[in-house]
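Participant: Got a predicted structure here, sequence first:
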Protein chains: 2
Amino acid sequence: MSENEKLTEEIIFEAATVVFEEDGLSGARMQNIADRAGINKALLHYYFRTKDHLFEAVFTKLAQKMFMKFTPIFEKNLSLEDKIRFFFREHITFMQQNPKLPGFIINEINHNPQRIKKLLRNVDFRKLWTTIIEQHSEELYKYNITEETLPQIMTTIVSLSVFPFAAKGIIEVAFDNFGIDFDKYTEERKTFAAEFVIKAITK
Amino acid sequence: MSENEKLTEEIIFEAATVVFEEDGLSGARMQNIADRAGINKALLHYYFRTKDHLFEAVFTKLAQKMFMKFTPIFEKNLSLEDKIRFFFREHITFMQQNPKLPGFIINEINHNPQRIKKLLRNVDFRKLWTTIIEQHSEELYKYNITEETLPQIMTTIVSLSVFPFAAKGIIEVAFDNFGIDFDKYTEERKTFAAEFVIKAITK
DNA sequence: TTTTGGTTTAACCAATTGATTTAACTAATA
DNA sequence: TATTAGTTAAATCAATTGGTTAAACCAAAA
């Protein structure tokens, strides 16, 4: 029954997502995934053949989910400053809902970089620069943005957004001693990071 | 012979450092460590009893090495701006020499947060704030720094410095398409990040 | 009702892996 | 030289783990 199959496959996929996100590729156990899915371990291999196949499926889905969130900013008709505010608001909100995702993706790519070569073909600084010029030619004189500094600026923006979640384990412990709530911190960070960047790039 | 013992133990420790940094706790193999150390696998257990003991020793050493780098900034007699410049210069230089360290530490802590509870007892925002007031009371009026925003500012500074190395795998691949050299990028980042932060916090 | 195709499970397998055991080795000491 | 205490390695173990097999199950079709 294809209805049922879709269901079982999804159940496995979701269980695998949780386990892989939690333990990583090398730390995850097929039995653990089977238990969480409430099925026999052999079914995992019936639907996904091997652990690597299953991981590949989960990783690709999650990596897409992650990197998709970077693109739609330039589809909006907003001022440059509002685009920055929009990005931090949306992106941090997304990570609040998927707090383990950044650390998982970063770690797995560090262990196997070619895993995302295909996905990152979209990252195009030249195209990004022309897009910025097209959309913000009139207001660009107000900011310290050049094609040369674009990689620095872009990685800076991503750093401010992603790092707190990628290093959640450390930050939570560090905050714990002072009663700083991580969720409150990330909520405030949406505006703090945006205004911080705007202030920094304004001439 | 205690001389020889110290040597063997160090050889094991260094081999374990390389392997754990590369593969993580769950991905590392005792046989791999033994091979790299050029000794029999049983010797690992003779000197460190278990894999967890060995990992604990390596991790503690590396974590200290990492977090030590945050403290000595306030021992220098510098202006606030020069302290920021000093931090990024020193810290990024350190990570250029240990590029895998940030990703390793972050990942292992995410998998087991209580592992650094002891080490992070030093992190004290209240004390940091009083130190800043003590050392920079006259020039503080020039900057947008308050006790409330200190956690945001500190995590921002750390983000800008650490993230490029923690996410080295992603960034290298993303840069690869445009002939941007990662080492050149990190070298430029020492000054870019410093001036970025100074600009952002200046009233 | 029987057949048939896909689905699920229990049992099992082979390889890996952390760990132990036992014996060989080595150098200082008596 | 014989002894002894510590060091190293070969062989082995027991548990884990990814993967396979064969049979049971189940619903739709004939």
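Facilitator: In hand now; what should we look at?
Participant: For burial, what's the neighbour tally of A:I132?
Facilitator: Using other Cβ atoms under 10 Å in any protein chain shown, A:I132 has 18 neighbouring residues. Just so you know, the C-beta spots here come from the backbone N, C-alpha and C atoms, and that holds for glycine as well.
Participant: Please disregard the earlier target; I meant A:T155.
Facilitator: Counted with other Cβ under 10 Å, the neighbours of A:T155 add up to 22.
Participant: which ones are touching it?
Facilitator: Shown in contact with A:T155 (Cβ atoms under 8 Å, 6 or more residues apart in numbering or on different chains): B:163-164, B:171, B:185.
Participant: Does chain B have contacts with the helix or strand harbouring A:E188?
Facilitator: A:E188 belongs to helix A:182-201 when assigned by DSSP states H and E. Yes: applying Cβ under 8 Å from any Cβ of the partner chain, one finds helix A:182-201 in contact with chain B at A:185, A:188-189, A:192-193, A:196-197, A:199-200.
Participant: pull the CA atoms of that helix into PDB?
Facilitator: Extracted C-alpha coordinates of helix A:182-201, given in PDB (Å, rounded to 0.1, in the frame of the first residue of the first chain):
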ATOM      1  CA  PHE A 182      18.800  31.700  26.200                       C
ATOM      2  CA  ASP A 183      15.400  32.200  24.600                       C
ATOM      3  CA  LYS A 184      15.100  35.700  25.800                       C
ATOM      4  CA  TYR A 185      18.700  36.400  24.600                       C
ATOM      5  CA  THR A 186      17.900  35.100  21.000                       C
ATOM      6  CA  GLU A 187      14.700  37.100  20.900                       C
ATOM      7  CA  GLU A 188      16.600  40.300  21.800                       C
ATOM      8  CA  ARG A 189      19.300  39.300  19.300                       C
ATOM      9  CA  LYS A 190      16.900  39.800  16.400                       C
ATOM     10  CA  THR A 191      17.000  43.500  16.800                       C
ATOM     11  CA  PHE A 192      20.400  43.900  18.500                       C
ATOM     12  CA  ALA A 193      22.200  42.200  15.600                       C
ATOM     13  CA  ALA A 194      20.300  44.100  13.000                       C
ATOM     14  CA  GLU A 195      21.000  47.500  14.500                       C
ATOM     15  CA  PHE A 196      24.600  46.500  15.300                       C
ATOM     16  CA  VAL A 197      25.200  45.700  11.600                       C
ATOM     17  CA  ILE A 198      23.400  48.800  10.300                       C
ATOM     18  CA  LYS A 199      25.400  51.000  12.700                       C
ATOM     19  CA  ALA A 200      28.700  49.400  11.600                       C
ATOM     20  CA  ILE A 201      28.200  49.700   7.900                       C
END
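Participant: Touching that helix from outside, list them.
Facilitator: With contact meaning Cβ under 8 Å, 6+ apart, helix A:182-201 is reached by A:81, A:84-85, A:87-89, A:92-93, A:95-96, A:143-145, A:153, A:156-157, A:160-161, A:164-165, A:168, A:171-172, A:175, B:149, B:151-152, B:155-156, B:196-197, B:199-200.
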